[in-house]
Structures are given as structure tokens and as C-alpha cells.
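S.K.: okay, sequence plus prediction incoming.
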Amino acid sequence: MATKASRSAARLMMAPAVVLLLGWMLVPLIMTLWFSFRRYLPLRGGDLGWAGFDNYVRFVTSSSFWPAVQTTLVIVVGVLVITVCLGVLLAILLDQPMWGQGVVRILVIAPFFVMPTVSALVWKNMFMDPVNGLFAHLWRFFGAEPVSWLSDVATPSIIMIVSWQWLPFATLILLTAIQSLDSEQLEAAEMDGAPVLQRFIYIILPHLSRAITIVVLIQTIFLLAIFAEIFVTTGGAFGTRTLSYLIFQRVLESQNVGLGSAGGVYAIILANIVAIFLMRIVGKNLDN
Amino acid sequence: MARAVTPRRKVINTSLAWLIGLLIFFPILWTILTSFKTEAQAIASPPLFLNFDWTLENYGVVMERSNYARFLWNSILIAGGSTILGLIIAVPAAWSMAFVPSKRTKDILLWMLSTKMLPAVGVLYPIYLLFIKMGLLDSRAGLVIVMMLINLPIIVWMLYTYFREIPVEILEAARMDGASLKEEVLYILTPMAIPGIASTMLLNFILAWNEAFWTLNLTAVNAAPLTAFIASYSSPEGLFFAKLSAASTMAIAPILIMGWFSQKQLVRGLTFGAVK
């Protein structure tokens, strides 16, 4: 039983973390909300007064809005499909008995620790460069015309780079989940003559469903916000401008803070919708 | 792992897994190899794999030309400083939540998590403006604060899950024996909590080291860490593959090594204890 004194001590110990996070959340949030209703152009006159919902309407009706939404969806969904599908297969493979499992695990996880600016630049130059990149060498070796990856097929190229970065994350979490699977159940099914595919569909996949949901939710939140990978490869050109990159450009490049802030509010709402689902799962887990 | 498998299946598993593992690791390996080539060898056609004259020249060039040491020092200060500051604030909070839980503990934890979900780009300008007003733009102190704040929810969460595994009975026994709160924390909790705190530090250091939104947008010259140093290579300049590789290798090597040690804790830290 906690005493009254220890309760107030506990509250005191929590206070710095709570107050700091509250400030970190509320102050910029209120400022963004405020700016989103102002005509605010720091380099062209500053704060020019109340704008009502103009910024919100203009952000959505601008010609770059829908392409940005489309690009964002393509990148997020593309990376999710690739990382989850390959992640499941890879996790199953890594769970099998083999020699040097620990080393393979380390090789597979490594890309996750590579700084995003490094992985983007390494892929851009050493692999996707249309003249000197490794892919160009490979294409020429097979007698094909090298591809200008980051200009002709820019969005798929970015999906590839980002998938490479996030595949380890998906694999690692799915592997952890698979290892908690009761192997007796699998053995029983094997004895009863259930074919591989059926064992996968009826035993492994249902067991993984929760882990897959978590991977999808966490990755979605991070993928909606990818920045460095676009910043150093295409700078938003060639149809790779995502919603967050569009907001970044409005705010810092064209210095239209009102418009950018309205976009920011949209982004916050979007992220919160995803976050609610994630919180439910995490919250349930706290109860037991 | 008690399942009996035929040796043939084990051979197939092993070769397939190694093949895929090496394929995934290849871009990193290629970067490391290229960093030891000369610029001409780096773009040689057909590409040279191991049969080139190994040289350390690029490392020298990179260090000399771009004041690499300062970027490295900034990265260490920002990642290290934010980790230590975060721990100072998070340890008491996580401790009280784990050992003196109240009805609201769960709500507070979930709320903390929700602050982590706030898209950075949505609050970019306010932070930018506040930084200018407070003279924090392009300062290490400013970045230490921001990195600490964005990772604070993860630190609190990880510590909370570790602390909760410490059996309360031990604390009660100590209390019965007349240990004061100070002795309790110093002699019983701290030794038991050190492994958890160490893994939390490691993961947080990695996350702060690799963060590339705030570090790119809030720094220019003075406080720019390695993320910005690498980003400065984004505009090509003649032959630069070998130099880029050397710079990249230096930026990722320490973290790769730390990451390999923390892979177990990674799952806990990144899924908020939801996958075990």
C-alpha cells in the first residue's frame, strides 16, 4: 500500500517529464493553429491579419495538394506491402534451424542503424546513378539501357530505399513474435499432414496478426513523416513530393507560414487517426 | 528449437538465409569497400570488388576538407547530451509510475506516447520561430533539448517496462529491515535497474544520432551534426564516390556496432512493450 506521502512524492517525480512534454506538445500546437488562421508571410510583410479558413481551403485546392496525397499514399502503402510481406517470409526463414543464425540476424538488422541521409545518398549515387551506379553497370552487363532511377522512376526508387531501411524493423518484430509461437502446435499440424501453405495460413498468420498490426501502425506514423530520404535525393521533384514535404516547402522554402500551418494541422489530424488505433493496442497490453 | 530437421533442409535454410542476409547487407558492405578505393577505382567498369589497391587516402581527405571532427563532436554532444538529460528527467518519472502506480498512470503513459506521434513538420515553424527568439537556432543546446523531448516518451516507456519487472517484494523486505528511501534507491533499485537503463541509453543514443529532420532544419554551421555533414554531399561534385563512402562509413560505424549490441532491446523500445 502506498502512503499519502509516497503518492505526493511520486507526483513530484513525474512532474518534470509531464510538464516538459505538455509544453512541447501544447505550445507549438497552439502556435500552428494560430498561424493557420493568419495570413502570415515573414518575408513579404509579416502577419497580415486574420484569414479565416482561407489557408485551409487554399491548401486543399492548390494544384500540388492531390498529387502530394497520392504520392504519400503510394509511398506509405508500397513500403508497407514490401516490408510486411518480405518481413513475414524472412522472419519465418530466420526462425528455422540453421548455421550462423546470429550472424545472419545481424546482417539483416544492419540497415536500420544507418543514418537516413547516408542510406539515401549511398543508394542515390553508388547504386542508382545512371552512369556510374552499380545498377547501371549491371544493366549494361546484360545489354540493357541504364535507367535514370531518381528522375524516371523516382517514386518507386524512393519506395525501394525506404523499404530497405524499414525491412529490418518489420523482420525483427515479426521474428520476436514468431519465436513466441508454440512449436508443438505446428508439429501437431505437421504430423496430421497439413501442407506448408495451410500451416502458414491457419497457424502462423493468425499468431502474427497482432505483431503485423503493430508494425503497420508504427511504420505508418514514421513513413508519413519521411523527410531526409526525399530531401537529399530528389528534393521533392519528379513527383516525389509527399504531404509532409509539401508542408516543409510551404513553410521554409516559400515562407508562407499561414498556408503551411494549415497543412500542418491536416498532417497532425492524419497522424492522430493512425495513432488512436496504435494506442488502443498498446493500452490493452498495459492492462495485463 | 527442438524440432528435428533433416540435414538437407538445414543446408537449404542456411544457404538461403545467408544469401538474403548478404544481399540486404550488401549496400553497407559496398560503401565500406568503396571507402578504401581511389576515386578512379570507385567508378571503374566493371566494378572492382576486392581486387583494388586499398588506400586510406579518402579518410584523410574527408577529415581535412570538411572539419569532420567538429561534426562528429556535435553528433556526440547532441546524442549524448540529450540521452543523459532525458534519463535525468525520465528515471524518477518511470520509477514513480512503476512503483507507485495510480489510476491515471496508464493514461499518462499513453498520453506521453501520443506526443511522439505528433508529425514534426506540423510544428516546424513554431519551433523554428521559438528557436530564433530564444537564440537557440544552430546551437547545440537547442538541439539537445529538442532531441531530449522527442525521445523522452520512448525513454520513459522503456524504463517503465524494465522497472516493472523488478519484484516489489524486494523493496518491501528492504523497508521492513528499516532501509530509508535513499538507501532503497541507491543499494537495491539502482543495481537492479542498471541493465535496463543501459539499454535505454543505447537505443536513445542511436535514435538521436540518426535523427534527420530537426538536425537538418535547425542547424546551419555551428551545431550541425553528422546527418548534416552527409547531406552536404547531396550535390555531386566531380568524382566523389570514394569520399562519400569514407564519410558515410565514419558516420555509421559507431552506431552499427552499438546497434548490434542493442538488437534485443530494440523490439521493446520501438513497440512500447507491445511485442515480447
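M.R.: Structure's in. What do you need? Here the structure is a predicted model, which is why all the values come from computation and not from measurement.
S.K.: just the pLDDT for A:Thr3.
M.R.: The per-residue pLDDT reported for A:Thr3 equals 67.
S.K.: what's near enough to touch A:Gly258?
M.R.: Applying C-beta atoms under 8 Å, 6 or more residues apart in numbering or on different chains to A:Gly258 gives the contacts A:Phe35, A:Ser36, A:Phe37, A:Arg38, A:Arg39, A:Tyr40, A:Leu41, A:Ala51, A:Asp54, A:Asn55. All C-beta spots, glycine's among them, are computed from the backbone N, C-alpha and C.
S.K.: can you tell me which of the residues you listed is nearest A:Ile218?
M.R.: Of all the contacts of A:Gly258, A:Ser36 has the smallest distance to A:Ile218: 27.5 Å, by C-beta to C-beta.
S.K.: where's that closest one relative to chain B, distance?
M.R.: 10 Å (C-beta to the nearest C-beta, to the nearest Å).
S.K.: wait, isn't that residue in contact with A:Arg58?
M.R.: No - A:Ser36 is beyond contact range of A:Arg58, at 10.9 Å (criterion: C-beta atoms under 8 Å).
S.K.: that older thread, redo the contacts of A:Gly258 as TSV? Include pLDDT and secondary structure.
M.R.: Formatted as TSV, the contacts of A:Gly258 follow (pLDDT from 0 to 100; DSSP: H, G, I helix; E, B strand; the rest coil):
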residue	pLDDT	secondary structure
A:Phe35	91	helix
A:Ser36	91	helix
A:Phe37	92	coil
A:Arg38	89	strand
A:Arg39	87	strand
A:Tyr40	85	strand
A:Leu41	86	strand
A:Ala51	81	coil
A:Asp54	87	helix
A:Asn55	89	helix
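S.K.: so which of those residues comes closest to chain B?
M.R.: Proximity of the contacts of A:Gly258 to chain B (C-beta to the nearest C-beta) peaks at A:Phe35, which lies at 6.6 Å.
S.K.: neighbour count winner among A:Ser36 and A:Arg58?
M.R.: Neighbour count, other C-beta atoms under 10 Å in any protein chain shown: between A:Ser36 and A:Arg58, A:Ser36 has more, with 25 against 16.
S.K.: A:Trp139 reaches A:Ser148, doesn't it?
M.R.: No - with contact defined as C-beta under 8 Å, A:Trp139 does not reach A:Ser148; the gap is 11.1 Å.
S.K.: give me the most central residue, the chain.
M.R.: You didn't say which chain, so I picked chain A. The residue lying closest to the centre of chain A (C-alpha atoms, centre = their mean) is A:Leu223, at 2.1 Å.
S.K.: if you could check chain B rather than the one you did, that'd help
M.R.: B:Ile206 (1.0 Å).
S.K.: list the contacts for it?
M.R.: B:Ile206 touches A:Phe113, B:Ile255, B:Met258, B:Gly259, B:Ser262, counting by C-beta under 8 Å, 6+ apart.
S.K.: mean confidence for the one helix or strand it maps to?
M.R.: For B:Ile206, the host element (DSSP states H and E) is helix B:190-210. The average pLDDT within helix B:190-210 is 85.
S.K.: now do the buried residues in that helix.
M.R.: By 16 or more other C-beta atoms under 10 Å in any protein chain shown, the buried positions in helix B:190-210 come out as B:193, B:196-197, B:199-210.
S.K.: ditto for stretch A:80-98
M.R.: A:80, A:82-84, A:86-88, A:90-91, A:93-96, A:98.
S.K.: go on, stretch B:257-275?
M.R.: Those would be B:258-259, B:262-263, B:265-275, for stretch B:257-275 by 16+ other C-beta under 10 Å.
S.K.: again, but for stretch B:245-257
M.R.: B:Ser245, B:Ala246, B:Ala247, B:Ser248, B:Thr249, B:Met250, B:Ala251, B:Ile252, B:Pro254, B:Ile255, B:Leu256.
S.K.: what does stretch B:28-45 give?
M.R.: B:28, B:30-39, B:41-43.
S.K.: tabulate the residues you listed (JSON lines), appending pLDDT, distance to chain A and secondary structure.
M.R.: Output for the buried residues of stretch B:28-45, formatted as JSON lines (pLDDT from 0 to 100; distance: C-beta to the nearest C-beta, whole Å; DSSP: H, G, I helix; E, B strand; the rest coil):
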{"residue": "B:Ile28", "pLDDT": "94", "distance to chain A": "6", "secondary structure": "helix"}
{"residue": "B:Trp30", "pLDDT": "92", "distance to chain A": "6", "secondary structure": "helix"}
{"residue": "B:Thr31", "pLDDT": "93", "distance to chain A": "5", "secondary structure": "helix"}
{"residue": "B:Ile32", "pLDDT": "93", "distance to chain A": "10", "secondary structure": "helix"}
{"residue": "B:Leu33", "pLDDT": "91", "distance to chain A": "10", "secondary structure": "helix"}
{"residue": "B:Thr34", "pLDDT": "90", "distance to chain A": "7", "secondary structure": "helix"}
{"residue": "B:Ser35", "pLDDT": "90", "distance to chain A": "11", "secondary structure": "coil"}
{"residue": "B:Phe36", "pLDDT": "91", "distance to chain A": "14", "secondary structure": "coil"}
{"residue": "B:Lys37", "pLDDT": "88", "distance to chain A": "11", "secondary structure": "coil"}
{"residue": "B:Thr38", "pLDDT": "84", "distance to chain A": "14", "secondary structure": "coil"}
{"residue": "B:Glu39", "pLDDT": "82", "distance to chain A": "11", "secondary structure": "helix"}
{"residue": "B:Gln41", "pLDDT": "82", "distance to chain A": "12", "secondary structure": "helix"}
{"residue": "B:Ala42", "pLDDT": "81", "distance to chain A": "8", "secondary structure": "helix"}
{"residue": "B:Ile43", "pLDDT": "78", "distance to chain A": "4", "secondary structure": "coil"}
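S.K.: using TSV, please lay out those together with distance to B:Ser102.
M.R.: Formatted as TSV, the buried residues of stretch B:28-45 follow (distance: C-beta to C-beta, whole Å):
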residue	distance to B:Ser102
B:Ile28	46
B:Trp30	53
B:Thr31	50
B:Ile32	51
B:Leu33	56
B:Thr34	56
B:Ser35	54
B:Phe36	58
B:Lys37	61
B:Thr38	64
B:Glu39	63
B:Gln41	64
B:Ala42	60
B:Ile43	63
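S.K.: check the offset of stretch A:237-251 from the chain's centre.
M.R.: 16 Å (C-alpha atoms, centre = their mean, to the nearest Å).
S.K.: please read the previous query as pertaining to stretch A:193-205.
M.R.: 30 Å.
S.K.: touching chain A at all, the helix ranked longest in chain B?
M.R.: Looking across chain B with DSSP state H, the single longest helix is helix B:68-99. Yes - using C-beta under 8 Å from any C-beta of the partner chain, helix B:68-99 reaches chain A at B:Ile89, B:Ala90, B:Pro92, B:Ala93, B:Trp95, B:Ser96, B:Met97, B:Phe99.
S.K.: of those, grab the buried ones for PyMOL.
M.R.: To isolate the buried ones among the residues of helix B:68-99 next to chain A in PyMOL, judged by 16+ other C-beta under 10 Å, type:
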select buried, chain B and resi 89+90+92+93+95+96+97+99
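S.K.: contact partners for the residue nearest to A:Ile161 when sequence neighbours are not counted?
M.R.: By the measure of C-beta to C-beta, 6 or more residues apart in numbering or on different chains, the closest residue to A:Ile161 outside its immediate chain neighbours is A:Trp123, 4.7 Å from it. Residues counted as contacts of A:Trp123 (C-beta under 8 Å, 6+ apart) are A:Ser157, A:Met160, A:Ile161, A:Trp164, A:Thr233, B:Pro27.
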